[in-house]
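In: Structure, please.
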Amino acid sequence: MILRGQVPENQLEFDLEIETIARRNRSKKRKVKLSKLEEMRLNAYQSSKLYKECAKAYYDKRILKRSFHPGQSVLLFNSRLKLFPEKLKSKWSGPFLVKQVEPYGAVQLENPESQRSWTVNGQRLKHYLGGEIERLTTVIHLSD
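Out: Numbering: from 1, shown residues only. Now for the predicted structure:
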């Protein structure tokens, strides 16, 4: 290694020393760039994690906590009403009776008219408070 004030013995040794110093500087700069890149990646990861937590809290806050008991009357949300989109047609069908409440929000319903029962997600139900519900049935005869 050449110190200040020393004169190199030959030009080749001097050039080799300059190249070694330049290589060390390049490797330090590369390490600094890599550490900055790693820091940016960690910041992006933390901000995306924070965004996901906020979005989850927002949507979880909007979920209504409903509790159902056997024998209760409920209305079922009909999400497959896209065939005849009428503005004034109700998206709720029922009333149905709650036969059994299963774990994790599943509810077993029973149709009082046909005594048929099936299981649905509890988020598709709402309490029936009484009154008449107009049951519309549409029959379309298709001809060949």
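In: Please, which helix or strand holds the most centrally placed residue in the chain?
Out: Nearest to the mean C-alpha position of the chain, by CA atoms, centre = their mean, lies K56 at 7.1 Å. According to DSSP states H and E, K56 maps onto helix 11-62.
In: Can you give me the domain boundaries for the chain?
Out: Domain segmentation of the chain under automatic domain parsing yields 1-63, 73-127.
In: now for those domains, which one comes closest to I140?
Out: I140 sits nearest to domain 73-127 of all the domains of the chain, at 8.9 Å, using CB to CB. C-beta here means a position set from N, CA and C on the backbone, and glycine is covered the same way.
In: Quote the end-to-end distance of that closest one.
Out: End-to-end span of domain 73-127 (CA to CA, to the nearest Å): 7 Å.
In: So for that domain, mean pLDDT?
Out: Here domain 73-127 scores 83 as its mean pLDDT.
In: still on that earlier bit, after the helix holding K56, which helix or strand is next?
Out: Immediately after helix 11-62, counting by DSSP H and E, sits strand 73-77.
In: Run the chain-centre distance for that next one.
Out: Chain-centre distance of strand 73-77: 26 Å, with CA atoms, centre = their mean, to the nearest Å.
In: what comes up buried for it?
Out: V74, L75, L76 (16 or more other CB atoms under 10 Å).
In: Turn those into a markdown table, columns for distance to L12.
Out: Formatted as a markdown table, those follow (distance: CB to CB, whole Å):
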| residue | distance to L12 |
| --- | --- |
| V74 | 92 |
| L75 | 92 |
| L76 | 89 |
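In: Mind pulling the model confidence for the residue nearest to the centre of the chain?
Out: pLDDT, read off for K56, is 94.
In: Tell me which residues are up against the longest strand along the chain.
Out: Longest strand of the chain, by residue count under DSSP state E: strand 92-101. Contacts to strand 92-101, defined as CB atoms under 8 Å, 6 or more residues apart in numbering, come from residues 68-78, 107-112, 117, 122, 126, 128, 133, 135.
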